[in-house]
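Engineer: have a look; sequence and predicted model below, questions after that.
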Amino acid sequence: MDPFLFLRFVLSGAIRAGTPVMYASLGETVTERAGIVNLGVEGSMLVGACIGFMTAVETGSAWLGFFAGGLAGAIVSLLHAYLVVNARANQLASGLVLLFFALGFTGLVGRPYVSKQIGGFDVLAIPGLSDIPFLGPVLFRHDILTYIAYLLVPATWWVLYHTRWGLALRAVGESRVVAFSTGRNPALIAYIAIFFSGLMAGFGGAQLSLAYTHFWAKG
């Protein structure tokens, strides 16, 4: 096989397989800037993949499945938020609890959907850009959710470092006492960060089942 063709396949496959992780990583980046570690991200991804697929099967809409998956991941992450912000539980232990809960929950509710098939999101080549030698097939022949992930990376960076909310978030991560003394609500900011983390992880999970695999299987 032509080495350049092989390299193109490898890089293109890496982007396809890495997109769900990119969504989750963006959410976790925001959470960690607030001083919280969320090991339950994989749990939110599982719930997002399962609920997103179930919604797409029942409604026939991949977009509804995508948004339902994100919302489901965000709702599940609120359990982690309550445990670490209100109950002051160990962050690592709370994240693992969330992961094991998601494994059991999705294995139960997703069982009837294991053999189901959906259309999902197909590959959408961007005219012009997808024809660029080598880089075109690598970067611009993917599903639309991958392109959205491209845009979310600089958007997240801009919010974190060029907005007042991003400054408040980073302040909470550095010192909650100092952030509180300046009139900010550390608990509320932490909740928003964890909710966003779960939302992104849910989107990542939904992208995995609706655009990458087009099926649901336990775990």
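Structural biologist: That came in fine, so what should we check first? Residues are numbered from 1 along each chain as shown.
Engineer: what about residue 171, distance to residue 160?
Structural biologist: Residue 171 is 12 Å from residue 160, where distance means Cβ to Cβ, to the nearest Å. Placement of C-beta: from N, CA and C, glycine included.
Engineer: out of those two, which sits in the busier spot?
Structural biologist: residue 171 (20 against 16; other Cβ atoms under 10 Å).
Engineer: and the strands in this structure?
Structural biologist: Along the chain, the stretches classed as strands by DSSP state E are 124-125, 141-142.
Engineer: elements contacting the last one?
Structural biologist: What that stands for is strand 141-142. If contacts are counted by 3 or more Cβ pairs under 8 Å, 6 or more residues apart in numbering; DSSP states H and E, strand 141-142 sits against helix 3-33.
Engineer: residue 206 and residue 52 touch, don't they?
Structural biologist: Yes. Residue 206 sits in contact with residue 52 when judged by Cβ atoms under 8 Å, with a separation of 3.2 Å.
Engineer: which residues of this structure score low on pLDDT?
Structural biologist: Applying pLDDT under 70 to the chain flags residues 1.
Engineer: would you map the helices across it?
Structural biologist: Along the chain, counting by DSSP state H, helices occupy 3-33, 41-59, 62-81, 91-109, 135-139, 144-162, 164-174, 176-181, 186-207.
Engineer: using CSV, lay out those together with distance to residue 219.
Structural biologist: Output for the helices of the chain, formatted as CSV (distance: least, Cβ to Cβ, whole Å):
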stretch, distance to residue 219
helix 3-33, 14
helix 41-59, 7
helix 62-81, 16
helix 91-109, 7
helix 135-139, 29
helix 144-162, 21
helix 164-174, 32
helix 176-181, 36
helix 186-207, 12
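Engineer: closest to residue 115 out of those?
Structural biologist: helix 41-59 (10.7 Å; Cβ to Cβ).
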